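Trainee: okay, sequence plus prediction incoming.
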Amino acid sequence: MHRSGKLSISNGVVLDRLGYGLYKVPADDAHGLCTLALEAGYRLLDTAAMYGNEEGVGRAVRDAMSAGYVDRSDVFVTSKLWNDSHGYRATRAAFEDSLGRLGLDYLDLYLIHWPCPGKDLYVDTWRALEELYSEGKVRAIGVSNFQRHHLEKLLSHTEVVPAVNQIELHPLLQQESLRKFNAEHGIITQAWSPLGRGKLLTNPTITHIAAKHSRSPAQVILRWHLHSGGAAVVKASSQQRIGENLRVDDFSLDSVDLAAIAELDSDTRVGSHPDLVN
Ligand SMILES: NC(=O)c1ccc[n+]([C@@H]2O[C@H](COP(=O)([O-])OP(=O)(O)OC[C@H]3O[C@@H](n4cnc5c(N)ncnc54)[C@H](OP(=O)(O)O)[C@@H]3O)[C@@H](O)[C@H]2O)c1
């Protein structure tokens, strides 16, 4: 089964470059869709306290372990601290709540979901994540939606460098300078809404390239993400799409395709601006 390769965090923890994302997956569907994703070959599951579906995600992992087709160590589970739980004490409690809902002994990756600059508590929040990491409750800690200035403040006040910065990233928002800053600091950039939340699937540039390679638009966009060594978490709600999104290793984009996709970069977001979320 192709999973498009792996990336190593500086502490030796390894994660798949392509993961299954669960934003807007209803709680009642999470177990079924995660089970389909695990059966299709995904080993990285991306949930969050805010998604309200951690219980189903954890149950799917535990059921797959009971069925004997994965070990806990094969699966990489990410969850995220929601904006209402910033601050040292609230973070410690929110982490335990997430772990309890998941029904797991440890998390693979715990992210601060948004920096929430209006609260200005992300340094204290990070100190709680550093403790959880040193206690072995989470194998890696990271951030999401952090821009350069949030990272600079975090790096200058804390010890552990975030393993991952999960950010909105797709052909309409290519994030070159933030990706470069992340890379310079050993931080893995992981794309969220890699398909522009589906918006890019009918883009004429993308559909043209898809027709040329006899692939789907989603496959072309995911190939683009992986082309330059990137990582992404992608959501889909059917067995067919879940499987299709993993089959991206058997073709390449040529220089003409890459130049055309580069032209799509237009600072266009499908989600919120990180400085405006609190
Ligand atoms: N850290 C953050 O702040 C943050 C924010 C947003 C998202 N995320 C993470 O990133 C993940 C992905 O982002 P996203 O869910 O917003 O958007 P996305 O993965 O870019 O796009 C998902 C949309 O594309 C459709 N789709 C997927 N594969 C398809 C295919 N092969 N053919 C046709 N349509 C397809 C899906 O439809 P169906 O579902 O109907 O199949 C859904 O409407 C999330 O699930 C979440 O884990 C993180």
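Mentor: In hand now; what should we look at?
Trainee: what about Ala27, neighbour count?
Mentor: The criterion is other C-beta atoms under 10 Å. On that basis, Ala27 has 14 neighbouring residues. Every C-beta, even on glycine, is put in place using the N, C-alpha and C of the backbone.
Trainee: OK, contacts around it?
Mentor: Residues near Ala27 by C-beta atoms under 8 Å, 6 or more residues apart in numbering: 52-53, 55-56.
Trainee: and the average pLDDT for the host helix or strand of Gly56 is what?
Mentor: Element membership for Gly56 (DSSP states H and E) is helix 54-67. For helix 54-67, mean pLDDT is 98.
Trainee: and what about Asp108, helix, strand or coil?
Mentor: Assigned with DSSP: H, G, I helix; E, B strand; the rest coil, Asp108 falls in the strand class.
Trainee: the chain should start at 564 in everything you say after this.
Mentor: In the new count, where the first residue is 564, that last one comes out as Asp671.
Trainee: Val724: how many residues sit nearby?
Mentor: If you count neighbours by other C-beta under 10 Å, Val724 ends up with 16.
Trainee: I misspoke; the intended subject was Asp637.
Mentor: 12.
Trainee: then His836?
Mentor: By other C-beta under 10 Å, 10 other residues sit near His836.
Trainee: from the ligand, how far out is it?
Mentor: Distance, His836 to the ligand, using C-beta to the nearest ligand atom, to the nearest Å: 12 Å.
Trainee: now do the SS call for Asn728.
Mentor: Assigned by three-state DSSP, the conformation of Asn728 is strand.
Trainee: okay, and the beta partners of it?
Mentor: In this entry, Asn728 is beta-bridged to Val706, Thr752, by DSSP bridges.
Trainee: so it touches Val706, yeah?
Mentor: Yes: at 5.4 Å, Asn728 counts as touching Val706 under the criterion of C-beta atoms under 8 Å.
Trainee: who touches both of the two?
Mentor: Here Asn728 and Val706 have Leu714 as joint contacts, going by C-beta under 8 Å, 6+ apart.
Trainee: that older thread, got the angle between the helix or strand that the helix holding Gly619 is followed by and helix 617-630?
Mentor: The helix or strand immediately downstream of helix 617-630 is strand 639-644, counting by DSSP H and E. Interaxial angle, strand 639-644 versus helix 617-630 (axes from the mean of the first three to the mean of the last three C-alpha atoms, to 10 degrees): 160 degrees.
Trainee: counting by contacts, list what whichever helix or strand comes after strand 639-644 packs against.
Mentor: From strand 639-644 onward toward the C-terminus, using DSSP H and E, the following helix or strand is helix 651-665. With contacts taken as 3 or more C-beta pairs under 8 Å, 6 or more residues apart in numbering; DSSP states H and E, helix 651-665 sits against helix 617-630, strand 639-644, strand 670-675, helix 685-697.
Trainee: return the distance of the last one from the chain's centre.
Mentor: Meaning helix 685-697. Centroid displacement of helix 685-697 relative to its chain, using C-alpha atoms, centre = their mean, to the nearest Å, is 19 Å.
Trainee: re earlier: in JSON lines: the contacts of Ala590, plus neighbour count.
Mentor: Written out in JSON lines, the entries for these read as follows (neighbours: other C-beta atoms under 10 Å):
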{"residue": "Gly615", "neighbour count": "16"}
{"residue": "Asn616", "neighbour count": "24"}
{"residue": "Glu618", "neighbour count": "16"}
{"residue": "Gly619", "neighbour count": "25"}
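Trainee: how many other residues sit next to Ala703?
Mentor: Ala703 has 25 neighbours, counted by other C-beta under 10 Å.
Trainee: and it, how far from the ligand?
Mentor: From Ala703 to the ligand the distance is 15 Å (C-beta to the nearest ligand atom).
Trainee: can you pull the pLDDT of that residue?
Mentor: In this prediction Ala703 is given a pLDDT of 98.
Trainee: remind me which helix or strand it belongs to.
Mentor: strand 701-707.
Trainee: got the angle between that strand and helix 651-665?
Mentor: 120 degrees.
Trainee: dump the helices and strands packed on helix 651-665 to JSON lines, plus distance to the ligand.
Mentor: Converted to JSON lines, the helices and strands packed on helix 651-665 look like this (distance: least, C-beta to the nearest ligand atom, whole Å):
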{"stretch": "helix 617-630", "distance to the ligand": "10"}
{"stretch": "strand 639-644", "distance to the ligand": "6"}
{"stretch": "strand 670-675", "distance to the ligand": "7"}
{"stretch": "helix 685-697", "distance to the ligand": "14"}
